[in-house]
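Student: Give me a model of this one.
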Amino acid sequence: MSIVQLLLIAVGLMSVMVLGYSFLSGPSPAKEGARRLKAVRYRHSESMNDKVEAQMRKAVAARKPKLHAIAGSESRLHALILRLHRTGKKWTVTQYLYSSLGLALGITVLLYLNTGAALLSLGVGVLVGAGVPHMAVGFMIKRRADSFTTKFPDAIELLVRGLRSGLPVTETLGVVASEVPGPVGEEFKLITERIKIGRTMEDALQETADRLSMPEFNFFCITLAIQRETGGNLAETLANLADVLRKRSQMKLKIRAMSSESKASAYIVGALPFIVFALIYWVNPSYLSGFFTDDRLIVVGLGGLTWMGIGAFIMAKMVSFEI
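Tutor: Here you go, the predicted structure:
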């Protein structure tokens with residue numbers, strides 16, 4: 001085994017150890033204690049100002065990118081549990097880890113049998129085993145979030161009609177849970193169940209806001225909290241909120257349409273090298289066989305993939321807009 005292979009194996013093992021430690025280890029005790037004290041003050045304080053400030057913090061945090069943990073999670077393991085729960089599926093962490101490990105082993109074995117390059121097969125297997133389940137969970141979360149934001153203005157308008165007809169807020173929440181299909185009805189059903197077992201409406205809404213971490217639902221919680229403090233016509237306030245959320249959704253669709261050409265170009269540019277490599281390898285395998293056996297070509301290939309990943313990340317950020 002050459003020195004290049006030893007160095008690559010050492011770097012890979014160190015990377016796996018660092019990722020495993022960062023995934024399983026939680027935050028520092030001092031920061032965790034301060035965070036818990038602040039959360040207790042915001043959640044259990046009787047002052048409505050603290051509750052409104054907590055909702056505003058959630059709304060702002062939901063708009064910021066989260067690189068290491070999800071807002072509302074205590075550790076990276078808890079963040080993974082929250083991600084799986086936000087998919088709306090009954091997936092567990094054990095199933096997720098087993099599927100990742102099985103996929104990594106399967107890809108590694110298949111590539112090794114076809115190419116005979118152990119190091120390359122292991123690297124590709126680890127990347128596929130770690131990346132594909134993560135992207136699948138992210139896709140399910142995004143699809144459920146899009147479905148929620150699409151139906152949420154309709155749910156608010158149903159609340160407005162119930163309030164104008166004379167029903168209390170808790171009764172209208174039950175009507176939304178039974179009448180609106182999809183994720184909106186499921187979440188409102190959980191809210192009404194918490195209220196039935198003795199939780200206050202603010203606490204039930206706060207728990208759902210922590211789990212969903214969506215700006216639209218945080219706006220809804222802020223509206224209810226401010227109305228309970230200042231008074232006024234709740235039906236009119238919620239009607240204005242529903243109109244704002246619809247316009248926000250329309251703006252997102254406009255931005256998606258305007259950036260679709262740039263996204264298509266990024267997809268084509270990113271996929272073209274892999275397509276060309278596959279076609280050449282299919283026509284003349286011996287011409288590219290060195291990428292699976294020669295240490296220098298393996299290092300060059302990994303470096304090229306790294307730079308392509310950086311370029312794809314930059315292009316994704318260029319066509320990503322926050323509203």
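
Student: drop to CA atoms for contacts and neighbour counts, all remaining ones
Tutor: Will do.

Student: The residue most central in space within the chain is in what secondary structure piece?
Tutor: Nearest to the mean C-alpha position of the chain, by Cα atoms, centre = their mean, lies residue 138 at 5.1 Å. For residue 138, the element it lies in under DSSP states H and E is helix 118-164.

Student: For that helix, name the packing helices and strands.
Tutor: Under the contact criterion of 3 or more Cα pairs under 8 Å, 6 or more residues apart in numbering; DSSP states H and E, helix 118-164 touches helix 3-24, helix 76-86, helix 93-115, helix 169-179, helix 183-196, helix 234-258.

Student: Off-centre distance for it?
Tutor: Its chain's C-alpha centre and that of helix 118-164 lie 6 Å apart, by Cα atoms, centre = their mean, to the nearest Å.

Student: domains in the chain, as residue ranges please.
Tutor: 32-250, 259-323 (automatic domain parsing).

Student: if you compare those, which one is most tucked away?
Tutor: Most buried of the domains of the chain by mean neighbour count (mean count of other Cα atoms under 10 Å) is domain 32-250; its value is a mean of 17.

Student: picking up where we left off before, now tabulate the domains of the chain in CSV and tack on mean pLDDT.
Tutor: Compiled in CSV, those are given as follows (pLDDT from 0 to 100):
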stretch, mean pLDDT
domain 32-250, 79
domain 259-323, 80
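
Student: hang on, the earlier thing: between the helix holding residue 138 and helix 76-86, how big is the angle?
Tutor: Interaxial angle of helix 118-164 relative to helix 76-86 (axes from the mean of the first three to the mean of the last three Cα atoms, to 10 degrees): 60 degrees.

Student: Compute the inter-axis angle for helix 118-164 and helix 234-258.
Tutor: Computed by the same axes, to 10 degrees, the angle separating helix 118-164 from helix 234-258 equals 150 degrees.

Student: got the angle for helix 118-164 vs helix 183-196?
Tutor: 70 degrees.

Student: so what's residue 100 up against?
Tutor: 129, 130, 132, 133 (Cα atoms under 8 Å, 6 or more residues apart in numbering).

Student: So which of those residues is the closest to residue 176?
Tutor: Nearest to residue 176 out of the contacts of residue 100 is residue 133 (Cα to Cα; 33.2 Å).

Student: Correct me if wrong: the closest one contacts residue 96.
Tutor: Yes. Taking contacts as Cα atoms under 8 Å, residue 133 lies within contact range of residue 96: 7.4 Å.

Student: Which secondary structure element is home to the residue of the chain most remote from its centre?
Tutor: The C-alpha centroid of the chain is most remote from residue 286, which lies 42.0 Å away (Cα atoms, centre = their mean). Using DSSP H and E, residue 286 sits within helix 285-288.

Student: Give me the contacts around the helix or strand that comes right after that helix.
Tutor: Proceeding N to C from helix 285-288, the next assigned helix or strand is helix 290-293, under DSSP H and E. When contacts are defined by Cα under 8 Å, 6+ apart, helix 290-293 is touched by residues 115, 116, 117, 120, 297, 298, 301.

Student: Quickly name whichever of these is closest to residue 246.
Tutor: Closest approach between the contacts of helix 290-293 and residue 246, by Cα to Cα: residue 301, at 46.8 Å.

Student: Quick one: residues contacting the closest one.
Tutor: Contacts of residue 301 by Cα under 8 Å, 6+ apart are residue 291.

Student: Quick check: the gap between it and residue 312.
Tutor: Using Cα to Cα, to the nearest Å, we find residue 301 at a distance of 16 Å from residue 312.

Student: show me what contacts the residue nearest to residue 212 when sequence neighbours are not counted?
Tutor: Spatial nearest neighbour of residue 212, chain neighbours left out: residue 86 (6.8 Å); criterion: Cα to Cα, 6 or more residues apart in numbering. Counting by Cα under 8 Å, 6+ apart, residue 86 touches 141, 144, 211, 212.

Student: Quick check: the third one vs residue 190, distance?
Tutor: To residue 190, residue 211 is 12 Å away according to Cα to Cα.

Student: sorry, back to before: so can I have a markdown table of the contacts of helix 290-293 showing distance to residue 108?
Tutor: Formatted as a markdown table, these follow (distance: Cα to Cα, whole Å):
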| residue | distance to residue 108 |
| --- | --- |
| 115 | 10 |
| 116 | 10 |
| 117 | 10 |
| 120 | 9 |
| 297 | 19 |
| 298 | 16 |
| 301 | 17 |
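
Student: Kind regards, and thank you for your time.
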